[in-house]
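Visitor: sequence below, structure please.
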Amino acid sequence: GGYLEDGKGLNVYDTLVVTPEKGIKPMFCDTAVATDHYHHYKEDIDLMAEMGFKAYRFSVVWSRINPLGDEDEPNEKGLAYYEDMVDYLLEKNIEPVVSLVHFDMPDHLLREYNGFLNKKVIDFYAKHVAFVVNRLKGKVKYWITYNEINLSPYMPDLVAGAIKPDDMTQEELFSQIIVNTQIAHARAVEVIKSIDPAAKVGGMIGHAPFYP
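Guide: Residues are numbered from 1 along each chain as shown. Just a heads-up that it's a prediction; the model follows:
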């Protein structure tokens, strides 16, 4: 929800083209409304409290903090939104657990820089992390640097904002994406710890067990 409201920019999830299998009717909604948590987060948190939730993991939309991704200053309305949400969670005795990115790199960083295939984007990501952590330090104890970062070689456009150049092999893509996303994770840990040494920081991997 909150599509392009309050200064938010397009991100790679907004512009993702989903092609259903032949003969299968599309069964998905776009990001314009979805569950509209943006406008109903207090009602949703009230329900969490009623159900006895002790923690809520949610994600900061990168393009809500930096609409293009390479700006020097953050979008104040974006930061204020998440601070209000965190304050309301704490009021309800629910611990906020914050993912700093969840498949929503600003679309501009894909179009202009080709995402994490370009090391400049690591710097833009570190700046995004600093903006959010500086705003929420003392209120948020638990941080996740990047959602399911290990999926970046397999879904590079969505996870890492990158499209394989024609002159790059699949092996080179895997190598560069893995190296750059791991450096980005390490930079995020450094940034978070420099701002709040007491913060608890972890990564997040996509793990799907299969049984024969």
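
Visitor: give me the beta-bridge partners of the nearest residue to Lys141 once chain neighbours are set aside?
Guide: Nearest residue to Lys141 in three dimensions, chain neighbours excluded: Lys200, at 5.8 Å (CB to CB, 6 or more residues apart in numbering). All C-beta atoms are positioned from the backbone trio N, CA, C, and that covers glycine. Note on Lys200: beta-bridge partners Tyr142, judged by DSSP bridges.

Visitor: OK, contacts around Lys200?
Guide: Contact analysis of Lys200 by CB atoms under 8 Å, 6 or more residues apart in numbering lists 141-143.

Visitor: same check on Ile94?
Guide: Counted by CB under 8 Å, 6+ apart, Ile94 has contacts 45, 48-49, 53-56.

Visitor: distance-wise, check Ala162 relative to Leu109.
Guide: Per CB to CB, to the nearest Å, Ala162 is found 9 Å from Leu109.

Visitor: quick one: the helices in the protein?
Guide: For the chain, the helices defined by DSSP state H cover 37-51, 62-65, 76-91, 107-113, 120-136, 156-159, 170-195.

Visitor: out of those helices, which is closest to Gly23?
Guide: helix 156-159 (24.1 Å; CB to CB).

Visitor: what is that closest one packed up against?
Guide: When contacts are defined as 3 or more CB pairs under 8 Å, 6 or more residues apart in numbering; DSSP states H and E, helix 156-159 packs onto no helix or strand at all.

Visitor: please name the residues that touch the residue nearest to the spatial centre of the chain.
Guide: Nearest to the mean C-alpha position of the chain, counting by CA atoms, centre = their mean, stands Val101 at 1.7 Å. Contacts for Val101 (CB under 8 Å, 6+ apart) come out as 59-60, 62, 125, 128, 145-147.
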